[in-house]
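**Student:** Following is a predicted model, sequence given first.
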Amino acid sequence: MKRLDCLKAIYPRLEGCAVVTIMGAVAAELYSLGHRANFFYLEHAMGLASSIGLGIALAQPHRKVVVIDGDGSVLMNLGGLTTLARSRPNNLVHVIFDNETLLSVGGGAPGGYKWFTTATATGADLAGIAKAAGFPRAQMVRELGDFEEATLDAINGDQLSCIVAKVEAEMPKSFLMDVHMLENRFEFPRALQTKGGVN
């Protein structure tokens with residue numbers, strides 16, 4: 001399963017959500033599908049996408065928040081899962097693309113993925129960890145159809161959810177993003193000032 005195909009499958013449904021992505025490949029591929037003002041690409045803050053998402057979810061309980069993360073980032077801040085579970089915002093969906101590598105920070109170099117693996121490559125189960133932390137819904141998916149069904153169901157639902165998608169360790173075609181970090185920094189909160197909600 002490819003990360004880009006997963007993003008394409010849920011992209012139309014993200015229009016009414018606050019979307020926070022982690023840095024690197026996830027951000028670049030979401031951007032390649034078409035930037036929206038409600039997308040915040042969290043650059044240079046590996047591990048903290050769920051923390052930003054939690055703050056938004058608590059501040060705007062009537063807006064659906066989708067955090068799009070990676071396995072390496074989540075493993076850097078495993079406490080983020082327990083904090084999410086403890087706060088249990090029913091408007092937050094945590095999508096984790098698990099390619100079992102530190103792809104965006106060197107694992108994507110030719111052959112590099114074979115050496116820059118994460119703990120999920122040797123058995124760590126992020127969906128299991130989220131469930132044990134207290135997420136009311138946490139599941140792992142390996143097929144595109146299952147990913148689309150699970151993620152859209154979670155976005156349309158009303159409980160804290162974690163969807164872990166096992167994807168290929170594949171670099172994006174380009175990391176080029178024309179939205180400057182500073183521009184994104186101001187554009188995103190302006191978008192959140194508009195009336196939005198769970199739809």
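**Tutor:** Great, that's in hand.
**Student:** What helix or strand is Thr82 located in?
**Tutor:** Per DSSP states H and E, Thr82 falls inside helix 79-87.
**Student:** After that helix, heading C-terminal, what element do we hit next?
**Tutor:** Assigned by DSSP H and E, the successor of helix 79-87 is strand 92-98.
**Student:** who does the helix holding Thr82 touch, helix- and strand-wise?
**Tutor:** Secondary-structure packing of helix 79-87 (3 or more C-beta pairs under 8 Å, 6 or more residues apart in numbering; DSSP states H and E): helix 49-59, strand 92-98, helix 126-133. (Glycine included, C-beta is placed from N, CA and C.)
**Student:** Can you name the residues in contact with the second one?
**Tutor:** Outside of strand 92-98, the residues that reach it under the criterion C-beta atoms under 8 Å, 6 or more residues apart in numbering are 3, 6, 10, 26, 50, 53-54, 57, 64-71, 74, 81, 84, 120, 126, 130, 140, 151, 154-155, 160-167.
**Student:** what's next to stretch 124-143, contact-wise?
**Tutor:** Applying C-beta under 8 Å, 6+ apart, the set of residues contacting stretch 124-143 is 1, 71, 74-75, 78, 81-82, 84-86, 88, 94, 96, 98, 118, 120, 147, 150, 154, 157, 159-166.
**Student:** Okay, strands next: where are they in this protein?
**Tutor:** Remark: strands assigned in the chain by DSSP state E are 18-21, 39-41, 65-70, 92-98, 137-141, 161-166.
**Student:** Tell me the bridge partners for the spatially closest residue to Gly53 that is not a sequence neighbour.
**Tutor:** Among residues not flanking Gly53 along the chain, Val67 sits closest, at 3.7 Å (C-beta to C-beta, 6 or more residues apart in numbering). Bridge pairing for Val67 (DSSP bridges) gives the partners Val20, His94.
**Student:** wait, Val67 sits on Ile56?
**Tutor:** No - at 9.1 Å, Val67 does not count as touching Ile56 under the criterion of C-beta atoms under 8 Å.
**Student:** Please list all residues in contact with the residue nearest the centre of the chain.
**Tutor:** Against the mean C-alpha coordinate of the chain, by C-alpha atoms, centre = their mean, the closest residue is Ile68 at 1.0 Å. Ile68 sits next to Leu7, Val19, Val20, Thr21, Ile22, Val26, Leu30, Ala49, Val95, Phe97 when contact means C-beta under 8 Å, 6+ apart.
**Student:** Now the fifth one. Its backbone dihedrals?
**Tutor:** Its backbone dihedrals place Ile22 at phi -80, psi 170, with angles given as degrees, to the nearest 10.
**Student:** quick one: least confident helix or strand in this structure?
**Tutor:** helix 181-192 (a mean of 88; mean pLDDT, DSSP states H and E).
**Student:** For it, list every residue counted as buried.
**Tutor:** Under the neighbour-count criterion of 16 or more other C-beta atoms under 10 Å, helix 181-192 has Asn184, Glu187, Phe188, Ala191, Leu192 buried.
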